[in-house]
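J.: what follows is a protein structure lacking sequence information:
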């Protein structure tokens with residue numbers, strides 16, 4: 001029942017960081033963290049990544065918390081690679097042995113089962129987007145039931161990229177813990193330049209997750225980044241009807 005601490009890696013080729021791993025620090029029940037578990041490096045960019053965010057969720061339904069970690073290419077990694085591009089979601093399954101006495105796992109370890117739970121991520125991992133610009137689609141992962149089927153979906157909060165096939169806003173939980181990218185149309189329509197920095201929020205107080213998207217506008221002078229620029233917030237109210245519950 002004690003909260004442990006998960007830390008993502010920030011690995012590059014420099015001597016001080018080339019041997020970095022993500023780690024889980026184990027709480028001994030007194031608020032101290034004397035033991036740690038090294039996490040597997042991702043099968044992405046030769047493991048030279050920085051973690052922009054991570055969350056925990058019982059992916060495989062065994063009653064124990066697993067890790068979902070969002071990686072992007074780090075700088076000072078493999079040569080001729082554009083840094084801070086691409087999104088790779090790593091799924092690390094808690095494989096410790098259950099203890100009937102402690103009602104928790106004994107010796108803990110995490111196995112990389114990304115392919116099983118995330119499937120093909122080739123759309124989100126390139127260095128360039130469809131316009132030939134840097135694909136800066138890292139984000140902070142959050143767990144919310146977006147499609148109202150009782151299953152927590154994987155939401156990419158504060159992504160630096162527009163909502164597109166190469167930068168999904170939501171990965172839908174199929175009810176078995178497997179996540180599939182949702183198309184952009186429910187969120188962005190046909191606008192390929194919409195959705196940067198979208199965040200989940202219950203806008204209208206109906207206990208259903210909506211989204212809020214900040215927009216920057218040129219002011220009367222028609223020029224960007226001048227004193228008369230202003231911002232607005234666009235609310236995307238979730239009107240998805242509640243369906244049969246598949247989870248919970």
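T.: Yep, it's here. Everything numeric here is computed off the predicted structure, so don't read it as measured data.

J.: give me the neighbour count for residue 229.
T.: 13 (other CB atoms under 10 Å). (Each C-beta comes from the backbone N, C-alpha and C, glycine too.)

J.: any idea how far it lies from residue 223?
T.: 8 Å (CB to CB, to the nearest Å).

J.: what's the answer for residue 194, then?
T.: Look at residue 194 and residue 223: by CB to CB, they are 22 Å apart.

J.: of these two, who's got more company?
T.: Neighbour count, other CB under 10 Å: between residue 194 and residue 223, residue 194 has more, with 18 against 11.

J.: give me the below-cutoff pLDDT ranges for the chain.
T.: For the chain, applying pLDDT under 70 flags the ranges 97-107.

J.: quick one: the helices in it?
T.: 114-118, 185-188 (DSSP state H).

J.: can you pull up the most central residue in this structure?
T.: Nearest residue to the geometric centre of the chain (CA atoms, centre = their mean): residue 141, 3.0 Å.

J.: that one touches residue 55, doesn't it?
T.: Yes - assessed by CB atoms under 8 Å, residue 141 is found in contact with residue 55 at 4.5 Å.

J.: so what sits against both of these two?
T.: Jointly contacting residue 141 and residue 55 under the rule CB atoms under 8 Å, 6 or more residues apart in numbering are residue 68.

J.: quick one on the thing from earlier: ok, the residue nearest to the centre of the chain - contacts?
T.: By CB under 8 Å, 6+ apart, the residues touching residue 141 are 53-55, 68-70, 89, 154-157.

J.: do the same with residue 129
T.: Residue 129 touches 135, 137, 161, 164, 166-167, counting by CB under 8 Å, 6+ apart.

J.: separation between it and residue 193?
T.: To residue 193, residue 129 is 11 Å away according to CB to CB.

J.: list the contacts of stretch 235-244.
T.: Contacts with stretch 235-244, where a contact means CB under 8 Å, 6+ apart, come from 146-149, 187, 198, 203-204, 208-213.
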